[in-house]
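no FASTA, just this:
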């Protein structure tokens with residue numbers, strides 16, 4: 001091809017644009033430079049020896065043009081704009097039902113800020129996309145090589161490190177399907193959207209559309225749906241160059257885009273040099289924005305000065321996760337329903353153009369298997385043609401008027417009314433007619449001969465939507481379902497990571513289709529089928545590791561020392577397939593993942609004693625062995641020794657009691673770590689107790705939990721060598737002023753024997769008798785209520801204190817105080833209220849008729865003990881006479897122990913005992929003689 005031909009291909013278009021710039025801009029100025037620069041970008045890309053195929057992500061027009069071009073050219077090498085480290089996963093697409101997303105995941109981050117962890121990159125793939133057509137062609141055509149040339153997943157975050165924040169979705173996910181990608185960073189092939197807000201607003205305003213997706217569908221998708229290859233290619237290059245020159249965006253984004261282009265062209269030149277492939281036998285599939293690049297590295301003859309930085313030390317895992325139309329729309333800021341409309345348009349384009357698309361052999365969800373295709377070597381070579389100007393004709397020709405398809409619009413109108421009635425709307429045939437006519441009216445107002453799906457959606461909302469939505473779905477959502485619905489992909493069994501396959505294999509005895517979406521009920525009769533015990537173990541671990549809705553127990557429980565014989569579960573593993581797949585990035589079995597997470601949480605810098613004890617309990621419940629539990633218990637001991645607050649005291653008390661009870665019934669002796677924990681905790685809380693009584697940050701519940709730990713662990717701690725003096729000194733140094741803490745201290749003193757019940761009753765009576773203290777009496781009751789945790793035997797006294805308040809306080813004092821009492825009991829004593837109510841039920845009469853004659857036990861006159869008979873004597877002598885009078889119990893006990901003997905008629909005197917057993921007296925005599 002001669003240089004003159006290359007330069008004159010778009011010469012006529014240049015002249016027309018220069019004249020237009022001169023006329024509309026009052027002379028050659030910046031506008032002329034932009035317009036001529038756009039033509040130069042198109043000319044440069046068209047003349048490149050390595051054919052560049054510009055695409056837009058999830059565009060049915062791009063997909064049809066790609067399928068057509070692949071069948072015409074039959075390239076030997078396909079370069080694809082996709083993260084190069086994702087290449088090994090692409091053959092697994094045939095085991096999935098689209099849409100799915102290729103994911104790169106790194107849970108352990110090195111070289112990046114710690115708050116970024118975990119790192120996740122996803123690239124969603126749908127059937128109506130040009131990238132899928134290229135992948136299917138390359139994988140199923142012998143002799144064709146597919147090369148991914150975009151930056152790696154690690155470089156995605158390397159190049160974002162200089163920016164202000166990570167790239168995220170334009171809109172937050174609105175529902176479960178929209179959240180399938182989670183918080184992953186999305187990469188897409190062909191991000192084609194104006195980066196200048198005023199430009200996008202201008203296009204939307206003059207195009208009379210509401211969203212960019214609607215503008216693209218109306219003014220790009222439909223005109224290019226039937227165009228030839230050269231027209232499609234040049235128009236896409238024109239759009240990419242237009243957006244690039246008019247609104248390049250912020251400097252950081254432009255820098256990343258240009259580095260990506262340098263990266264891709266460097267990789268392609270390296271591959272061409274290594275394989276010796278002719279650039280004419282290759283096809284480069286990239287976004288239209290990158291196709292009109294102006295970097296020096298552009299083209300097969302570009303400069304080689306770009307250096308690719310090495311990846312970080314982060315460990316990346318790769319897999320396929322399910323995706324959905326709504327997830328794609330949410331992540332990339334597309335209009336709701338636009339991807340479903342694109343899928344419908346894809347089916348129409350295939351039917352109208354009769355283009356045969358490429359589908360992977362064995363693709364799940366495909367209607368029919370693709371036929372074997374000829375190899376690229378057998379294809380006839382396509383002679384290179386000189387680039388011709390297709391832009392002038394396309395830009396000058398008026399838009400083709402697409403006649404109204406009344407049958408299609410009428411079908412939509414009837415179906416939306418039927419769907420609305422099923423969802424609770426009071427729609428009728430008249431509404432269907434109104435929707436039909438309104439769609440045509442809206443299209444005419446927007447200068448369209450044929451209503452688009454967006455026009456129909458607006459018409460349906462206008463005619464059917466009322467003030468309220470009667471069901472779960474509004475009319476806009478019903479239209480989206482009518483246009484194809486939110487298609488949700490699925491990763492096949494063979495494409496799952498080893499952990500996910502292992503879970504499915506171990507749950508196979510349940511005979512459920514676990515890969516299906518939705519909730520399934522699993523019934524486990526473990527007593528009748530012991531093999532279901534393993535299924536139960538797996539389900540309880542999944543409940544701990546996965547989101548709440550993945551495995552939810554309906555019947556059955558798993559606690560320390562308890563196991564259910566029958567269980568019922570609601571399982572939704574198919575709905576939460578992404579979470580199960582991401583577990584596979586952390587290990588090869590759920591036991592390994594659980595152990596890693598427990599260790600990671602226990603050894604975290606901010607781990608608390610309560611959290612580590614929870615990890616110990618989980619390890620005992622699910623991992624059976626004692627090795628990990630003992631290790632984590634030792635870690636809990638270390639964390640307890642470093643804590644200087646009592647924030648977690650209630651949780652520590654609850655978990656230590658449960659663990660101690662479990663070890664006492666399941667093991668012959670306690671583990672060494674829990675013995676050390678009891679000793680250390682006893683000394684630790686004794687030290688903190690005086691400060692906690694006066695610390696404003698410590699709550700009454702936390703102080704009560706400390707006392708509960710000290711009192712419940714006292715016998716074990718003292719047996720292991722602790723000193724009771726520590727506790728006595730702690731109480732001697734405790735001088736609380738707040739009423740609830742004072743009451744708590746009094747209750748503890750009663751437990752220790754430092755205060756009698758009578759003395760405590762006198763103090764409470766004094767409080768009720770003092771009118772200055774009466775308003776604070778509920779706070780004293782709050783302290784007594786929390787004292788039931790360490791001193792549960794005071795339940796009857798708390799009932800007495802509340803009853804005395806109601807009996808002795810006058811109404812002017814009682815009635816204003818009553819709401820405060822109720823709120824105090826509800827907010828601060830909800831856990832201990834059942835104990836109080838049970839004690840009240842024991843004290844008060846059970847029938848209303850007996851209430852008038854009932855006398856409270858604390859007011860009843862104490863019974864005078866009868867005088868003991870003189871014959872019985874007192875002390876040991878009286879008891880001896882009683883035993884001699886009733887010897888049956890002692891005889892039975894002697895017979896049980898195998899002892900023989902007879903009862904004596906009289907109790908032996910002390911002198912007689914000394915005569916029978918002189919050894920003690922003789923030893924005392926020898927001792928005194930020696931002195």
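Thanks, I have it. Just so we're clear, the structure is a prediction, and the values are computed from it rather than from any experiment.

wasn't residue 567 part of a strand?
Yes - counting by DSSP: H, G, I helix; E, B strand; the rest coil, residue 567 is located in a strand.

wait, it touches residue 555, no?
Yes - between residue 567 and residue 555 there is a contact under C-beta atoms under 8 Å: 6.0 Å. Quick note: C-beta positions are derived from backbone N, CA and C, even for glycine.

comparing the two, which shows the higher neighbour count?
residue 567 (22 against 11; other C-beta atoms under 10 Å).

distance of that one relative to residue 561?
Note on residue 567: its distance to residue 561, by C-beta to C-beta, to the nearest Å, is 17 Å.

residue 531 too?
Computed as C-beta to C-beta, the residue 531 to residue 561 distance reads 23 Å.

more neighbours: these two, which one.
residue 561 (12 against 8).

what helix or strand is the closest residue to that one other than its chain neighbours on?
Nearest non-adjacent residue to residue 561, counting by C-beta to C-beta, 6 or more residues apart in numbering: residue 662, 5.2 Å away. Here residue 662 sits within helix 649-666, counting by DSSP states H and E.

which element follows that helix toward the C-terminus?
Counting by DSSP H and E, the element after helix 649-666 in chain order, helix or strand, is helix 672-694.

and the helix or strand following that next one, how far out from the chain middle?
Where DSSP H and E defines the elements, the next helix or strand beyond helix 672-694 is helix 700-712. Averaging C-alpha positions (C-alpha atoms, centre = their mean, to the nearest Å) puts helix 700-712 35 Å from its chain's average.

now the next helix or strand along the chain from helix 700-712: buried residues?
Using DSSP H and E, the next helix or strand after helix 700-712 towards the C-terminus is helix 714-719. In terms of neighbour count (16 or more other C-beta atoms under 10 Å), helix 714-719 has its buried residues at 714, 716, 717.

of the residues you listed, closest to residue 74?
Lowest distance from residue 74 to the buried residues of helix 714-719 (C-beta to C-beta) belongs to residue 716, with 80.9 Å.

now the closest one: closest residue in space, sequence neighbours ignored.
In space, residue 716 is closest to residue 678, 4.8 Å off (C-beta to C-beta, 6+ apart).

can you get me a residue count around the one you found?
Close neighbours of residue 678, defined as other C-beta under 10 Å, add up to 25.

now do the contacts for it.
656, 660, 713, 716, 717, 720 (C-beta atoms under 8 Å, 6 or more residues apart in numbering).

quick check on residue 559: phi, psi?
Dihedral angles of residue 559 (phi, psi; degrees, to the nearest 10) stand at phi -130, psi 170.

what of the one 3 residues further on?
As for residue 562, its main-chain torsions (degrees, to the nearest 10) stand at phi -130, psi 140.

what does residue 102 give?
phi -80, psi 130.

that one and residue 86 touch, don't they?
Yes - under the criterion of C-beta under 8 Å, residue 102 is in contact with residue 86, at a separation of 4.8 Å.

between those two, which contacts overlap?
Common neighbours of residue 102 and residue 86, using C-beta under 8 Å, 6+ apart, are 123, 318.

higher neighbour count, those two?
A direct count of neighbours by other C-beta under 10 Å for residue 102 and residue 86 places residue 102 higher, at 25 against 22.

now do the same for residue 852: helix, strand or coil?
Following three-state DSSP, residue 852 is assigned to coil.

and it, how far from residue 845?
Between residue 852 and residue 845 the computed distance is 10 Å (C-beta to C-beta).

compare the two (neighbour count), which wins?
residue 845 (12 against 7).

run a quick neighbour tally on the residue lying closest to that one once chain neighbours are set aside.
Of all residues not flanking residue 845 in the chain, residue 854 sits nearest, at 4.8 Å (C-beta to C-beta, 6+ apart). Residue 854: 12 surrounding residues under other C-beta under 10 Å.

cool, and residue 285?
Neighbour number of residue 285 under other C-beta under 10 Å is 29.

strands paired with the helix or strand containing it, and their directions?
Using DSSP H and E, residue 285 falls within strand 282-287. Counting by DSSP bridges, the strands paired with strand 282-287 are strand 51-55 (parallel), strand 77-83 (parallel).

so which bits of it are buried?
Buried-residue list, strand 282-287, by 16+ other C-beta under 10 Å: 282, 283, 284, 285, 286, 287.

nearest to residue 303 among the residues you listed?
Nearest to residue 303 among the buried residues of strand 282-287, with distances taken as C-beta to C-beta, is residue 284, at 17.7 Å.

how close does that closest one sit to residue 856?
Distance from residue 284 to residue 856, counting by C-beta to C-beta: 93 Å.

distance-wise, check residue 44 relative to residue 685.
In terms of C-beta to C-beta, residue 44 sits 77 Å off from residue 685.

buried set for stretch 691-707?
Going by neighbour count (16+ other C-beta under 10 Å), the buried part of stretch 691-707 is 692-693, 695, 698-707.

need the residues you listed in TSV (columns: pLDDT and distance to residue 519).
Listed next are these as TSV, based on pLDDT from 0 to 100; distance: C-beta to C-beta, whole Å:
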residue	pLDDT	distance to residue 519
692	89	47
693	89	51
695	87	48
698	85	44
699	86	40
700	86	43
701	85	38
702	88	40
703	90	45
704	89	42
705	88	39
706	89	44
707	90	46
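
contacts for stretch 532-546?
With C-beta under 8 Å, 6+ apart, stretch 532-546 has contacts from 503, 506-507, 509-510, 522, 524-526, 550-553, 556, 558, 564, 567, 569, 571, 573, 576, 579-580, 583, 590-591, 593-594, 597, 618, 621-622.

are any of the residues you listed buried, and which?
Neighbour-count burial (16+ other C-beta under 10 Å) applied to these gives 503, 506-507, 510, 522, 524, 526, 550-551, 553, 556, 558, 564, 567, 569, 571, 573, 576, 579-580, 583, 590-591, 593-594, 597, 618, 621-622.
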